[in-house]
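Colleague: Below is the sequence, then the predicted model.
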Amino acid sequence: MTTTEAPPAAAPPPSPAPPVPAARKPSARRRLVPYWLLLPGILWLLVFFALPLVYQASTSVQTGSLEEGFTVTWHIQTYGDALQEYYPQFIRSLLYAGTATVLCLLLGYPLAYLIAFKAGRWRNLLLVLVIAPFFTSFLIRTLAWKTILADDGTAVSLLNSLHILDVTSWLGWTEGSRVLATPMAVVCGLTYNFLPFMILPLYTSLERVDGRLHEAAGDLYARPLTTFRKVTFPLSMPGVVSGTLLTFIPASGDYVNAELLGSTDTKMVGSVIQTQFLRVLDYPTAAALSFILMAIVLVMVTFYIRRAGTEDLV
Amino acid sequence: MRWFRRNLVVLAGLGTLAYLILPNIVVMVFSFNKPNGRFNYTWQRFSTDAWQDPCGVADLCGSLSLSLRIAAWATLGATVLGTMIAFALVRYRFRGRGPINSLIFLPMAMPEVVMAASLLTLFLNLGARLGFWTVLIAHIMFCLSFVVTAVKARVMSMDPRLEEAARDLYAGPVQTFVRVTLPIAAPGIAAGALLAFALSFDDFIITNFNAGSTVTFPMFVWGSAQRGTPVQINVIGTAMFVLAVLLVLAGQIVGNRRKKTATT
């Protein structure tokens, strides 16, 4: 994260000696090198990432129609109307994404731990198996869940015979003896799709934990659970933070899982934005919705990073 | 019971792994299905028809080759631009590093649908024709940050004394870069490129907004989910999975062998 960086203005003109070409005093030409290296890529991001956000901001305060054209009228009301009409989808998106993130952490942590500490010579194979699903298109894999969760499938009849579906439908996660087209199916799909984004950062930070610390904790009569709570888990915090962010942010904007595995009652906000933009062609409302989503996510992420208190995220 | 408790982590981990792999197995099994009707969601009977005729569905292989072409160009563009940025950020201290770091971090911290929608407003305002070029522009944009992160990690852990040594041995700047710097940074660049290729090839949300009537492979799959999924989609999914696993394993075997020859 950039928060660790000193503000750029603080660097005085006779800048601290560049670390690599040591003693030599940099000539004017050399000083320009980093800017030439940055220019094309940064220009690309400015024109195709930052500028579009400006255009979208301006679109969100326009009024008009597709035939007559849109003009900027500073019609802020669009935001209020959009929120009022679509707040269920917003709440649902955050709820589903949050649940999926928690599930990803609960499911992903043991696997990351297993690969980092217990796998031995199987480590590389397990890592391949975590990454490999990436290579079959995620849409194809999400469609496979339709087969797995089918009404007359093995999974559903197993859950049914264990009376799990009774509980979940009482909680409102499923309906009767169906899983497909319910919130549970959508959360299952989200959890599945973003799990690798949780496991890989967790694994990276667990791998850096010195195994001797475990032994030391054991020598000091800490029980395994205490060792985990006091030593391993705190040391893996950077992985937990970046993993939860990498899962929550994309999941909150996702609509593929909700559309393929859910029903009209499980629509998420991404789906609304897509419909408004590509079908209804109501650009101001769509732009406002997408801005609200962006604001919510940025605020939540900033708050979360402050609370979690780890520097050095990326 | 004690064995069970001692191996709880292993069991839980393997359970998660099963959850991860299960859909891939289903995709594989159903690539040998002979569906009865339009949808390939229930098992009917074994057949290898789809494997013998993977391009038998209209537009399927066209969309596949389009996706491969876009992914190849997007990888090239994002890798070149991203590597340049990564080197600038790690190797030089200059004004404006903070804002530039944020500009690179933000695309990764934003829901895809927001980027997709804002890019579409830009293209609509400019009156650009949606298609191959707008998709390519979008893909280079969102892959860039990931390449920068991957290359940065590698270059940061590089020993600068190696380059000093090269210079002491009278290597010119170009020679130093080509013979010393680039080979050391190569794994990071390769990881970035691989990530860019996978992200671009698999992207649906941003592509869907900015493709107009152009149909990439994920968009074909999406459309087929409504009309009825042909078995050939499972065939292609399976083939990609197998190919990827083989490639990764081959890479590891080569890497291990190199490590062995390097140490002896």
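Modeller: That came through, no problem. Numbering: from 1, shown residues only, chains lettered A, B, ... in the order given.

Colleague: Quick check, B:Tyr92 in contact with A:Leu38.
Modeller: No - between B:Tyr92 and A:Leu38 there is no contact, the gap being 9.2 Å when judged by Cβ atoms under 8 Å. Every C-beta, even on glycine, is put in place using the N, C-alpha and C of the backbone.

Colleague: what about dumping the CA coordinates of stretch A:180-193 to PDB?
Modeller: Provided in PDB are the C-alpha atoms of stretch A:180-193 (Å, rounded to 0.1, in the frame of the first residue of the first chain):
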ATOM      1  CA  LEU A 180     -30.000 -24.000  -7.100                       C
ATOM      2  CA  ALA A 181     -31.500 -20.500  -7.600                       C
ATOM      3  CA  THR A 182     -31.100 -19.700  -3.900                       C
ATOM      4  CA  PRO A 183     -28.700 -17.500  -2.000                       C
ATOM      5  CA  MET A 184     -26.700 -20.500  -0.900                       C
ATOM      6  CA  ALA A 185     -25.900 -21.500  -4.500                       C
ATOM      7  CA  VAL A 186     -24.700 -17.900  -5.200                       C
ATOM      8  CA  VAL A 187     -22.500 -17.800  -2.100                       C
ATOM      9  CA  CYS A 188     -21.200 -21.200  -2.900                       C
ATOM     10  CA  GLY A 189     -20.200 -20.100  -6.400                       C
ATOM     11  CA  LEU A 190     -18.600 -16.900  -5.200                       C
ATOM     12  CA  THR A 191     -16.700 -18.700  -2.500                       C
ATOM     13  CA  TYR A 192     -15.500 -21.200  -5.100                       C
ATOM     14  CA  ASN A 193     -14.500 -18.700  -7.700                       C
END
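
Colleague: Check the burial of the closest residue to chain A within the stretch 51-200 of chain B by counting its neighbours.
Modeller: Closest contact between the stretch 51-200 of chain B and chain A, by Cβ to the nearest Cβ, is at B:Pro111 (2.4 Å). Burial of B:Pro111 is recorded as 26 neighbouring residues (other Cβ atoms under 10 Å in any protein chain shown).

Colleague: Skip the chain neighbours and tell me the closest residue to it.
Modeller: A:Gly253 (2.4 Å; Cβ to Cβ, 6 or more residues apart in numbering or on different chains).

Colleague: residues in contact with the one you found?
Modeller: Residues near A:Gly253 by Cβ atoms under 8 Å, 6 or more residues apart in numbering or on different chains: A:Ser93, A:Val269, A:Gly270, A:Leu293, A:Val297, B:Pro111, B:Glu112, B:Val113, B:Val114, B:Ile205.

Colleague: Residue 238: helix or strand, and which one exactly?
Modeller: By default, I'm working from chain A. Counting by DSSP states H and E, the element that carries A:Pro238 is helix A:237-253.

Colleague: Switch to chain B, please.
Modeller: Applying DSSP H and E, one finds B:Thr238 within helix B:231-263.

Colleague: Next, the buried residues of stretch A:253-273.
Modeller: By 16 or more other Cβ atoms under 10 Å in any protein chain shown, the buried positions in stretch A:253-273 come out as A:253-263, A:266-273.

Colleague: go on, stretch B:207-219?
Modeller: Neighbour-count burial for stretch B:207-219 [16+ other Cβ under 10 Å]: B:Thr207, B:Asn208, B:Phe209, B:Asn210, B:Ala211, B:Thr214, B:Val215, B:Thr216, B:Phe217, B:Pro218, B:Met219.

Colleague: With stretch B:186-196 instead?
Modeller: Buried-residue list, stretch B:186-196, by 16+ other Cβ under 10 Å: B:Gly188, B:Ile189, B:Ala191, B:Gly192, B:Ala193, B:Leu194, B:Leu195, B:Ala196.

Colleague: The residue of the stretch 201-314 of chain A found nearest chain B and B:Ser200, how far apart?
Modeller: Residue nearest to chain B within the stretch 201-314 of chain A: A:Gly253 (2.4 Å; Cβ to the nearest Cβ). Per Cβ to Cβ, to the nearest Å, A:Gly253 is found 18 Å from B:Ser200.

Colleague: Check which helices and strands the worst-scoring helix or strand of chain A on mean pLDDT is in contact with.
Modeller: Least confident element among the helices and strands of chain A, by mean pLDDT, DSSP states H and E: strand A:69-72 (a mean of 80). If you count contacts as 3 or more Cβ pairs under 8 Å, 6 or more residues apart in numbering or on different chains; DSSP states H and E, strand A:69-72 packs onto strand A:62-65.

Colleague: List the contacts of the strand it packs on.
Modeller: Taking Cβ under 8 Å, 6+ apart as the rule, strand A:62-65 contacts A:Phe70, A:Thr71, A:Val72, A:Thr73, A:His75, A:Thr78, A:Tyr283, A:Pro284.

Colleague: Any quick ChimeraX command for the buried ones out of these?
Modeller: Selection of the buried residues among these in ChimeraX, burial being defined by 16+ other Cβ under 10 Å:
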select /A:70,75,78,283,284
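
Colleague: so which of the contacts of strand A:62-65 comes closest to B:Phe46?
Modeller: A:Tyr283 (50.1 Å; Cβ to Cβ).

Colleague: give me the number of residues near residue 119?
Modeller: Because you didn't say which chain, this covers chain A. Quick note: A:Ala119 (other Cβ under 10 Å) scores 17 neighbours.

Colleague: nope, chain B
Modeller: 25.

Colleague: Check which element follows the strand or helix carrying it along the chain.
Modeller: Using DSSP H and E, B:Leu119 sits in helix B:112-126. Once the chain leaves helix B:112-126, the next helix or strand it forms, by DSSP H and E, is helix B:132-156.

Colleague: Not counting sequence-adjacent ones, nearest residue to the residue minimising distance to the centre of chain B?
Modeller: Nearest to the geometric centre of chain B sits B:Ala198, at 1.6 Å (Cα atoms, centre = their mean). Distances taken as Cβ to Cβ, 6+ apart place A:Phe134 nearest to B:Ala198, at 5.6 Å, with adjacent residues excluded.

Colleague: Assess the claim that the one you found and B:Phe201 are in contact.
Modeller: No - the pair A:Phe134 / B:Phe201 is not scored as a contact, 9.9 Å apart, by Cβ under 8 Å.

Colleague: Looking at those two, which one has more neighbours?
Modeller: B:Phe201 (23 against 20).

Colleague: just checking, what packs against whichever helix or strand the more buried one is part of?
Modeller: B:Phe201 belongs to helix B:182-202 when assigned by DSSP H and E. Packed against helix B:182-202, as judged by 3+ Cβ pairs under 8 Å, 6+ apart, are the following elements: helix B:60-91, helix B:132-156.

Colleague: Including distance to A:Gln56 and mean neighbour count, could the ones you listed go into a markdown table?
Modeller: What follows is these, written out as a markdown table (distance: least, Cβ to Cβ, whole Å; neighbours: other Cβ atoms under 10 Å in any protein chain shown):
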| stretch | distance to A:Gln56 | mean neighbour count |
| --- | --- | --- |
| helix B:60-91 | 23 | 21 |
| helix B:132-156 | 14 | 23 |
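
Colleague: and the end-to-end length of stretch B:155-174?
Modeller: With Cα to Cα, to the nearest Å as the measure, the first residue of stretch B:155-174 is 17 Å from its last.

Colleague: what does the stretch 151-264 of chain B have sitting close to chain A?
Modeller: With Cβ under 8 Å from any Cβ of the partner chain as the criterion, the stretch 151-264 of chain B meets chain A at residues B:160, B:163-164, B:198, B:201-202, B:204-205, B:208-209, B:217-218, B:221-222, B:225, B:229, B:233-234, B:236-238, B:240-241, B:243-245, B:248-249, B:252.

Colleague: how about low-confidence regions in chain A?
Modeller: Chain A contains residues with pLDDT under 70 at A:1-27, A:309-314.
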